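> Pasting the sequence and the predicted model now:
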Amino acid sequence: AGNLPGVSGDLVCLDAKEELLNECENIWKQMEEYQSKLTLVGTGPLRKSDTEISMLMMQMKALAAEYNQWQKKSPELISTNPDVLLALGKEELQKVKNNLETLLSTVQSRHKEVEENLKRECQWYEEQEQILNTFNQLEEETKAQLEQRPKKSLNTGAFNELRNKILKIQEFKEELLTALGEFVDEHFPLPEKERSTKKKNSSVEPAVELITLHEILELLINKLLSTPHDPYITVGDSFWPPYIELLLRYGIALRHPEDPNRMRLEAFH
């Protein structure tokens, strides 16, 4: 006895579907009848007599009037059965629900990605703020030390000492860059230089002139120092792919998470 409501609901649903199918079949039959009438009217033999022309004009006017009437007529419901309307409404709501769930999943994924980017930017901002605070403290300490020293010693000893330190740092920087350039040029030459002996008879010129690994590193370093908030460079045709893979494999450079044609230098500092 407890299963009777469920059985009754299934029977009502089956009756509603059967009624809807019958109504659709009736509407389809009416459409076929109208189509056959239009076909007969459109394919009838045309004569050049005045009587035939007038008949065709009358038929055209009748069809135009019927067309206007159908245009003005408001659409009717497929069925007035509440069970049928309920079933159709549930189906449309299920479609809307599925679309909204898909949209929600996309929005949540994008929101998570934005949160991760915001977290990285906040971390970078905190690091830069700490560095700035450190520099400000050093500046204050240096000012305090300079104020405590006499002007005469400031003009002679401190200035000369600071200038010597700057010169030593610049010389050391130049030596490092020179050594790095020589090492890279020696061990990572351009591919044309390695294969020049193998292709002496070839007259085909490369489409784009490749740049050295030294030049790629200079581009990455200059980009990181000039615009630390956007340190990525675009990998063009002049970049030799084996050099790009070498930098990425050994953690010297990082590829952009969304654009594979852009990369940046790893922030070792």
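Cool, the structure landed. Residues are numbered from 1 along each chain as shown.
> any idea how far His214 lies from Glu141?
As judged by CB to CB, to the nearest Å, His214 and Glu141 stand 39 Å apart. All C-beta atoms are positioned from the backbone trio N, CA, C, and that covers glycine.
> In the protein, mark out all the helices, start to finish.
Secondary structure of the chain by DSSP state H: the helices cover 4-42, 50-72, 82-148, 151-153, 159-187, 191-194, 213-226, 241-249.
> and the third one, average pLDDT?
If I follow you right, that is helix 82-148. Helix 82-148 shows a mean pLDDT of 87 in the predicted model.
> how big is the angle separating it from helix 159-187?
With axes from the mean of the first three to the mean of the last three CA atoms, to 10 degrees applied, the angle from helix 82-148 to helix 159-187 works out at 130 degrees.
> How far does helix 82-148 sit from its chain's centre?
Averaging C-alpha positions (CA atoms, centre = their mean, to the nearest Å) puts helix 82-148 16 Å from its chain's average.
> what's the neighbour count on Arg110?
If you count neighbours by other CB atoms under 10 Å, Arg110 ends up with 10.
> for Tyr243, same thing?
Neighbour count of Tyr243, defined by other CB under 10 Å: 20.
> ok, back up a step: would a markdown table of the helices of the chain with distance to Leu265 be doable?
Below are the helices of the chain laid out as a markdown table (distance: least, CB to CB, whole Å):
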| stretch | distance to Leu265 |
| --- | --- |
| helix 4-42 | 66 |
| helix 50-72 | 68 |
| helix 82-148 | 14 |
| helix 151-153 | 42 |
| helix 159-187 | 13 |
| helix 191-194 | 23 |
| helix 213-226 | 4 |
| helix 241-249 | 9 |
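> Could you say which of these is packed most deeply?
Each of the helices of the chain was scored by mean neighbour count; the highest is helix 213-226, a mean of 16, by mean count of other CB atoms under 10 Å.
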